[in-house]
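In: Fold the following for me, if possible:
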Amino acid sequence: MDQNPSMAGMNASPSQPKSGGLMKMIVTAKGGQFAKWAPMPLRLTLAIIFIFHGLTKVFGPQPGLEGFTGFLTSLNVPIPGFFGIFIAWLELVGGFAFLLGFLTPLFAKLIALELIGIVAGELDIAIVGLAIALAMLGAGPLSIDAQLARKYQR
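Out: Numbers count the residues shown, from 1 in each chain. Okay, here's the model as predicted:
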């Protein structure tokens, strides 16, 4: 008796799920047409986090540059005045860069390095993971980086 190749190895019993069926659908990533958009939620998440944190570090009201520099001093960070200003502006400019998709791998690497140096909890670890993934993926098609790449490929 000839069997349909797509039905090979399946139990004919109607009470048992077909091989692959629901479980295959659940565990199989639907990359393809949507994979290129994967950086978008990463970028937007990091943009929201770092624009907010950068604004509060640079302009206050809490902690402001003075408060953030004091926090770095309490962690025994060398040259806290320099690193306070550098990190505050990195977060603010980096947040807007993520939003626009501009120099995304560079800012993702800098943000990851910053947080690896000052990991304060599990949320920092998650943000480092997001930044590393974004550094590996790039900004995606809806970004200034993609526009520049298309311009210079010609």
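In: and stretch 22-36, what's its mean pLDDT?
Out: The average pLDDT within stretch 22-36 is 69.
In: got the end-to-end distance for that stretch?
Out: From its first residue to its last, stretch 22-36 covers 25 Å (C-alpha to C-alpha, to the nearest Å).
In: before we move on, what about stretch 139-150?
Out: Rule used - C-alpha to C-alpha; the end-to-end distance of stretch 139-150 is 13 Å.
In: May I have the phi/psi pair for the spatially most central residue of the chain?
Out: The residue lying closest to the centre of the chain (C-alpha atoms, centre = their mean) is residue 130, at 3.1 Å. The phi/psi pair for residue 130 (degrees, to the nearest 10) reads phi -60, psi -40.
In: Could you point out the helix or strand that follows the helix or strand bottoming out on mean pLDDT in the chain?
Out: None of the helices or strands of the chain scores lower by mean pLDDT, DSSP states H and E than helix 21-27, at a mean of 66. For helix 21-27, the following helix or strand on the C-terminal side (DSSP states H and E) is helix 39-59.
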